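Peer 1: I would like to see how this sequence folds:
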Amino acid sequence: MMKLESAADVDPSSMRAVMGNFATGVTVVSTSTPDGPAGVTINSFTSVSLEPPLVLFCIGRASRTWPAIERTGRFAASFLTGEQESVARRFCASGVDRFAGQDLVTASTGAPILARAAGFVDCRIDRVLDGGDHRVVLGRVVAAGVLNGGRLLVFAHGAYVASGPA
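Peer 2: Numbers count the residues shown, from 1 in each chain. Take a look at the predicted model:
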């Protein structure tokens, strides 16, 4: 029988290696500020509750986008399609205008939504929890919609992959 690792044996690199075996959806979480839009690629996004409608995402404590989202108290999550890998990479990059060349629509909260995304949720921050080196952000959904069908962008084994029916 194989011996499984104990929690004491799980360091950051082994945690990353194990979690790479779990595919996650890819979103861009964004908000609108007086200085313009702010957004970041997030793959730790999930639905929490249907009644009331709640979602969550996790964001690193060192994120430069988080302070803008926190100040506004609102965000939209755009669910990326399989054709939007370059968008996911752009919203991870530093020192670039992440929104340059993006077609946007405005959510009811004023947050920007990527018009070519598969779908979106528009949220107000419900609460923020401590999550170790991340913050866990719980959002109350105030609007949601499907924009474009097709394959979705997922992240697994350290790479972006288009997944689902064409």
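Peer 1: Could you measure from the nearest residue to Ser163 once chain neighbours are set aside over to Thr41?
Peer 2: Distances taken as C-beta to C-beta, 6 or more residues apart in numbering put Val154 closest to Ser163, at 4.6 Å, once the chain neighbours are dropped. Bear in mind the C-beta positions are built from the backbone N, C-alpha and C, glycine included. Note on Val154: its distance to Thr41, by C-beta to C-beta, to the nearest Å, is 13 Å.
Peer 1: what about those two, which has more around it?
Peer 2: Ranked by neighbour count (other C-beta atoms under 10 Å), Val154 and Thr41 place Thr41 first, with 21 against 18.
Peer 1: is it fair to say the more buried one lies in a helix?
Peer 2: No. Thr41: not assigned to a helix; according to DSSP: H, G, I helix; E, B strand; the rest coil it is strand.
Peer 1: Okay, the residue lying closest to it once chain neighbours are set aside and Ile42: tell me how far apart.
Peer 2: Among residues not flanking Thr41 along the chain, Phe91 sits closest, at 4.1 Å (C-beta to C-beta, 6+ apart). Computed as C-beta to C-beta, the Phe91 to Ile42 distance reads 9 Å.
Peer 1: Need the overlap of contacts for those two.
Peer 2: Contact with both Phe91 and Ile42 is made by residues Val28, according to C-beta atoms under 8 Å, 6 or more residues apart in numbering.
Peer 1: Would you map the helices across the protein?
Peer 2: Shown for the chain, the helices assigned by DSSP state H span residues 12-19, 66-72, 85-90.
Peer 1: Out of the ones you listed, the one nearest Leu138 is which?
Peer 2: Of all these, it is helix 66-72 that lies closest to Leu138, at 12.7 Å by C-beta to C-beta.
Peer 1: Tell me which other helices or strands the closest one touches.
Peer 2: strand 27-33, strand 36-42, strand 53-60, strand 119-131 (3 or more C-beta pairs under 8 Å, 6 or more residues apart in numbering; DSSP states H and E).
Peer 1: re the thing from before, list the contacts of the residue nearest to Ser163.
Peer 2: 23-26, 160-163.
Peer 1: on that earlier part again, now the helices of the chain in JSON lines, with mean neighbour count and mean pLDDT?
Peer 2: Converted to JSON lines, those look like this (neighbours: other C-beta atoms under 10 Å; pLDDT from 0 to 100):
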{"stretch": "helix 12-19", "mean neighbour count": "10", "mean pLDDT": "82"}
{"stretch": "helix 66-72", "mean neighbour count": "18", "mean pLDDT": "97"}
{"stretch": "helix 85-90", "mean neighbour count": "16", "mean pLDDT": "97"}
